[in-house]
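Chemist: got a predicted structure here, sequence first:
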Amino acid sequence: MTQNPVRIEADYLIETPEDPRLAAETMAGEQSSGTFVAVPGETPELKARAAARVESIELLDAISAPSLPVARPINPDGPWNRARVTLSWPLDNIGASLPNLVTAIAGNLWELRQLTGLRLLDLRLPLAFAAAYPGPKFGVAGTRELTGVSGRPLIGTIIKPSIGLSPAETASLVATLCEAGIDFIKDDELQSDGAYCPFDARVRAVMRVVNDHADRTGKKVMIAFNLTGEIDQMRRRHDLVLSEGGTCVMASINSVGLAGMVEIGRHTQLPVHAHRNGWGALNRHPALGWDYTAWHKIWRLAGADHMHVNGIGNKFSETDDSVVTSAKAALTPMFAHKPCIAMPVFSSGQTPAQAAPTWRALGSTDLIFAAGGGILAHPAGPAAGVADLRAAWDAAMASPQP
Ligand SMILES: O=C(O)[C@H](O)COP(=O)(O)O
Ligand SMILES: [Mg+2]
């Protein structure tokens, strides 16, 4: 977690038919003061001030075929060398700006013909970024306080069918889940403000049920209402959730973009639940895109309190190791004085069967365990689904601390 006070650092896995040292210099040049040819104004003084630097290169095994196509290959016969590279940039090139950070560390780099593979593995930011951005306002502690859940994961679900229910039907399902003792419910990412389930009507209908349940039992179930939209809409939707007594809002972060998320992060008085749909396009090919460890940091800084990490034995394509690495990353402090911890959300094909392996692999109860089909498709109904999931977690946690 040691931060260079004046330089941004990023680690990459590169694949190149050139000497990796040359390719790394091209990366640094293209992403700072250089271009494909020396230009007169790029003086030694200017370079000293603005050039990105190659901080380290670790050579890895070469491979026998390129991972990505190139229109005019530099060396069509290979070999395709691989290396782990760290670059750094002067903070003053961009200032503490998340959108411009992404352009610098993850902009035109992806298109360089010198590279047949490029993956951004991790990044380290100067403290100025911690000062410039809100970070999560609630995180694990604030979410636990609002839900009254301690010592175990939050047991959650996703409204299913994802889309198609009316506000009244959604509220009726929420009532059943509240009675069953659930802690957390979220809209599906596909449900935001459609014609037959408008956002405002859904919030009002659902919060009537949630508030009534809280008045009777003292337990306020946290509902993550999906406010994804344009910036003015999102601010207004947040304000409605707040005024109705809601305790969480959700956004599809790839859809609202970094500036959208920063605005939510600054405006919010509620925890922000960050849904990562679209992530596969940035991550699924091992020689292209981002590792979650690097990517999720920009969203935490922007204000994500809950970060989706997929789940053990998920219905998608990701390995369990990758899921656990992501969850541990979300729980790792970003800055000593401003940890920006985000609560990992395990979701995607989760059922009681994944409770014990998740507990063993993570060794923490600081998570939201969200099972949509895993609760709502229970043969004995949603209430039995909640009870089974609670029982599975209780049994898992009774086994020795991993
Ligand atoms: O939005 C989500 O988190 C997913 O739709 C999870 O749904 P599932 O538990 O039914 O896979
Ligand atoms: Mg979903």
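Modeler: Received it, and whenever you're ready, just let me know what you need. Ligands and ions are numbered 1, 2, ... in the order given.
Chemist: buried sites along the helix or strand where Gly265 lies?
Modeler: Assessed by DSSP states H and E, Gly265 sits inside helix 253-267. Buried residues in helix 253-267, counted by 16 or more other Cβ atoms under 10 Å: Ile253, Asn254, Val256, Leu258, Gly260, Met261, Val262, Glu263, Ile264, Gly265, His267. C-beta coordinates here come from the backbone N, C-alpha and C atoms, glycine included.
Chemist: need the max-distance pair from those residues.
Modeler: Within those, Asn254 and His267 form the most distant pair, 19.4 Å apart (Cβ to Cβ).
Chemist: so for stretch 115-129, mean pLDDT?
Modeler: Here stretch 115-129 scores 98 as its mean pLDDT.
Chemist: centre of the chain to it, how far?
Modeler: Here stretch 115-129 is found 15 Å from its chain centre; the criterion is Cα atoms, centre = their mean, to the nearest Å.
Chemist: please apply the same query to stretch 291-309.
Modeler: 4 Å.
Chemist: then stretch 249-265?
Modeler: Between the centre of stretch 249-265 and the centre of its chain there are 11 Å (Cα atoms, centre = their mean).
Chemist: try stretch 333-340
Modeler: So, by Cα atoms, centre = their mean, the centroid of stretch 333-340 is 17 Å from its chain's centroid.
Chemist: quick check: end-to-end length of that stretch?
Modeler: End-to-end distance for stretch 333-340, by Cα to Cα, to the nearest Å: 6 Å.
Chemist: buried residues in it, which are they?
Modeler: Met334, Phe335, Lys338, Pro339, Cys340.
Chemist: put together TSV for those, with pLDDT and secondary structure on each row.
Modeler: Shown next, in TSV, are these (pLDDT from 0 to 100; DSSP: H, G, I helix; E, B strand; the rest coil):
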residue	pLDDT	secondary structure
Met334	97	coil
Phe335	97	coil
Lys338	97	coil
Pro339	98	coil
Cys340	98	coil
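Chemist: which one of these is nearest Leu301?
Modeler: The shortest approach to Leu301 among the buried residues of stretch 333-340 belongs to Cys340, at 6.1 Å (Cβ to Cβ).
Chemist: which residues sit in contact with that closest one?
Modeler: With contacts defined as Cβ atoms under 8 Å, 6 or more residues apart in numbering, Cys340 is in contact with Ala130, Gly135, Pro136, Gly139, Lys297, Arg300, Leu301, Pro333, Met334.
Chemist: try Asp61
Modeler: Asp61 neighbours (Cβ under 8 Å, 6+ apart): Arg82.
Chemist: so it, which state does it fall into?
Modeler: The three-state label given to Asp61 by DSSP: H, G, I helix; E, B strand; the rest coil is strand.
Chemist: if I look at it, how far off is ligand 2?
Modeler: Computed as Cβ to the ion, to the nearest Å, the Asp61 to ligand 2 distance reads 38 Å.
Chemist: ok, that residue to Gly142 distance?
Modeler: Look at Asp61 and Gly142: by Cβ to Cβ, to the nearest Å, they are 45 Å apart.
Chemist: also Thr16?
Modeler: Following Cβ to Cβ, the distance that separates Thr16 from Gly142 is 45 Å.
Chemist: what about stretch 367-375, near ligand 1?
Modeler: Yes. Using Cβ under 6 Å from any ligand atom, stretch 367-375 reaches ligand 1 at Ala370, Ala371, Gly372, Gly373, Gly374.
Chemist: quick check: the last one vs Met250, distance?
Modeler: When you say that, I think you mean Gly374. Distance from Gly374 to Met250, by Cβ to Cβ: 19 Å.
Chemist: how about the second one?
Modeler: Using Cβ to Cβ, Ala371 is found at 17 Å from Met250.
Chemist: re the thing from before, how about CSV for the buried residues of stretch 333-340, with distance to ligand 2 added?
Modeler: Below are those laid out as CSV (distance: Cβ to the ion, whole Å):
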residue, distance to ligand 2
Met334, 27
Phe335, 31
Lys338, 31
Pro339, 28
Cys340, 25
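Chemist: mind putting these in JSON lines, distance to ligand 1 included?
Modeler: Below are the buried residues of stretch 333-340 laid out as JSON lines (distance: Cβ to the nearest ligand atom, whole Å):
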{"residue": "Met334", "distance to ligand 1": "24"}
{"residue": "Phe335", "distance to ligand 1": "29"}
{"residue": "Lys338", "distance to ligand 1": "28"}
{"residue": "Pro339", "distance to ligand 1": "25"}
{"residue": "Cys340", "distance to ligand 1": "22"}
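Chemist: for ligand 1, what's its nearest residue on the stretch 251-400 of the chain.
Modeler: Nearest to ligand 1, among the residues of the stretch 251-400 of the chain, is Gly372, at 2.8 Å (Cβ to the nearest ligand atom).
Chemist: quick one: contacts for that residue?
Modeler: Thr157, Ile158, Ile159, Lys160, Ser162, Asp188, Ser347.
Chemist: who touches stretch 132-151?
Modeler: 96-98, 154, 183-184, 218-222, 247-248, 262, 265-266, 268-272, 300-306, 331, 334, 338-343, 365-366, 368.
Chemist: mind redoing it with 7 Å?
Modeler: Stretch 132-151 is contacted from outside by 96, 98, 154, 183-184, 219, 222, 247, 262, 265-266, 268, 271, 300-305, 338, 340-343, 365-366, using Cβ atoms under 7 Å, 6 or more residues apart in numbering.
Chemist: look up how far Gln114 lies from Gly78.
Modeler: Taken as Cβ to Cβ, the span from Gly78 to Gln114 is 13 Å.
Chemist: right, and the helix or strand after the helix or strand harbouring Glu25?
Modeler: Element membership for Glu25, per DSSP H and E: helix 20-30. Toward the C-terminus, helix 20-30 is succeeded by helix 44-50 as the next helix or strand (DSSP H and E).
Chemist: so which elements touch that following helix?
Modeler: Helices and strands touching helix 44-50, by 3 or more Cβ pairs under 7 Å, 6 or more residues apart in numbering; DSSP states H and E: there are none.
Chemist: please save the CA atoms from it in CSV.
Modeler: C-alpha atoms of helix 44-50 as CSV (Å, rounded to 0.1, in the frame of the first residue of the first chain):
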residue,chain,number,x,y,z
PRO,A,44,15.0,16.9,-22.1
GLU,A,45,13.4,19.4,-19.7
LEU,A,46,9.9,18.7,-20.9
LYS,A,47,10.6,14.9,-20.7
ALA,A,48,11.9,15.3,-17.2
ARG,A,49,8.6,17.0,-16.2
ALA,A,50,6.1,15.0,-18.2
